[in-house]
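Undergrad: My questions concern the predicted model and sequence given below.
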Amino acid sequence: MYTGLQHLHSYMAYLVLLGLLISLGAALAGLFGNKTFTDKDRKLGLIGLITTHLQIVFGLILYFVSPLGVSNFSGDSMKDSVSRLYMLEHPLTMVIAVVLVTIGYSKAKRLIGQGSAGFKSIAIFYAIALILILVRIPWISWPGN
Ligand code: HEM
Ligand code: HEM
């Protein structure tokens with residue numbers, strides 16, 4: 001169970017980064033091309049939303065199964081930067097990032113047909129989320145092994 005989930009979460013991370021890059025690229029192209037945000041553009045934003053939402057669910061389960069997750073929560077772990085990353089910083093930052101993606105998508109959904117504002121919402125929120133994700137991915141163990 002643990003190893004399977006660990007691998008799933010690790011492979012899903014590629015899809016999360018790819019999904020966010022596709023959605024973000026499409027939004028930036030629409031924004032700078034000064035196009036009108038349509039339902040087709042909403043669906044391009046959905047790629048980043050679905051991959052991140054799926055990853056949150058796998059991550060949450062992993063957090064309760066992994067020896068690096070909640071079971072490692074202690075004052076001593078707090079003093080160790082690697083332990084702290086896995087038990088606190090990574091999960092917390094990722095949840096914040098996915099909330100931002102959801103807000104960006106949600107706002108954009110309501111801006112269909114209203115100029116390029118929908119692109120702007122996705123571009124800003126997904127870009128901040130992507131940066132947060134990149135700074136708190138455990139690069140010491142991913143990708144590789
Ligand atoms: C966008 C969301 C997320 C991304 C892109 C992501 C990505 C990753 C990556 C790349 C790893 C390293 C995997 C490896 O060493 O092979 C990892 C590990 C881990 N993640 Fe996430 N994660 C996300 C969300 C979450 C959330 C929300 C939680 C918990 C609430 C979580 C809990 C964990 C845990 C506990 C590990 C360590 C697993 C272990 O090796 O035992 N992740 N994550
Ligand atoms: C911890 C689990 C999850 C939470 C808290 C969550 C939360 C949310 C929220 C708040 C929205 C509303 C966005 C809006 O205003 O439209 C949303 C939308 C969505 N979620 Fe999740 N989600 C979760 C898991 C998932 C999973 C596992 C999937 C499937 C892969 C998923 C797919 C979607 C899709 C497709 C939408 C967009 C619906 C639309 O077009 O309006 N979510 N989610």
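TA: Received, thanks. Residues are numbered from 1 along each chain as shown. Ligands and ions are numbered 1, 2, ... in the order given.
Undergrad: all contacts plus neighbour counts: C-alpha atoms, from now on.
TA: Noted.
Undergrad: Around ligand 2, pick out the residues from the chain.
TA: 50, 53-54, 56-57, 102, 106 (C-alpha under 6 Å from any ligand atom).
Undergrad: give me that answer again for 5 Å
TA: Contact residues (C-alpha under 5 Å from any ligand atom) of the chain with ligand 2: 50, 53-54, 106.
Undergrad: okay if I get those residues as CSV plus distance to ligand 1?
TA: Shown next, in CSV, are those (distance: C-alpha to the nearest ligand atom, whole Å):
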residue, distance to ligand 1
Ile50, 11
His53, 8
Leu54, 9
Ser106, 17
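Undergrad: Kindly write the ChimeraX command that selects the buried subset of those.
TA: In ChimeraX syntax, the buried subset of the residues of the chain next to ligand 2 is picked out as below (16 or more other C-alpha atoms under 10 Å):
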select :50,53,106
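Undergrad: which one of the residues of the chain next to ligand 2 sits closest to Leu18?
TA: Nearest to Leu18 among the residues of the chain next to ligand 2, counting by C-alpha to C-alpha, is Ile50 at 11.8 Å.
Undergrad: For Ser71, see how far away the closest one is.
TA: In this view, Ile50 and Ser71 are 28 Å apart by C-alpha to C-alpha, to the nearest Å.
Undergrad: same question, Phe119
TA: According to C-alpha to C-alpha, Phe119 and Ser71 sit 41 Å apart.
Undergrad: For the two, indicate the residue with more neighbours.
TA: Neighbours per residue, other C-alpha atoms under 10 Å: of Phe119 and Ser71, the larger number sits with Phe119, 31 against 12.
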